[in-house]
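1. just the structure for this:
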Amino acid sequence: MTDEPRSRRFLTISQAAEELNVTPSQIRALLSTGELRGIQVGGRGLWRIGVNDVEDYIAEAYRRTAERIAAGELKDEKDSGVPEE
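-> Purely as a prediction, here's the structure:
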């Protein structure tokens, strides 16, 4: 046995939302569409999202964004009409 702390395997909806800097309702929407993988635990509808699934979601989002940029579908924030933060 090792004395190193075991890294977390699963996140709650709130923890996943914090990781992605979005709201829990946005995580629920991603789960309901299957865009983000998760599992329901027990009979109370508790969701858990694998840390690796969050990383996979991020990698896929980067890939899709790069494709959209290459296709000229995305503009700079300055050109988008969206105010900068």
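2. model confidence at Glu4, what's the number?
-> What the model reports as pLDDT for Glu4 is 60.
3. now swap in the one 3 residues further on and tell me
-> Per-residue confidence (pLDDT) for Ser7: 82.
4. what's the spacing between it and Val51?
-> Ser7 sits 7 Å away from Val51 when distances are taken as Cβ to Cβ, to the nearest Å. (C-beta placed from N, C-alpha, C; glycine too.)
5. more neighbours: which of these two?
-> In terms of neighbours (other Cβ atoms under 10 Å), Val51 is the more surrounded of Ser7 and Val51; the figures are 15 against 6.
6. residues in contact with that one?
-> Contact criterion Cβ atoms under 8 Å, 6 or more residues apart in numbering gives 7-11 as the residues in contact with Val51.
7. secondary structure class for Glu35?
-> coil (DSSP: H, G, I helix; E, B strand; the rest coil).
8. wait, isn't it in contact with Tyr57?
-> Yes - at 7.1 Å, Glu35 and Tyr57 qualify as touching, with contact defined as Cβ atoms under 8 Å.
9. now do the helices in this protein.
-> When secondary structure is read from DSSP state H, the chain shows helices at 13-20, 24-33, 51-70, 77-80.
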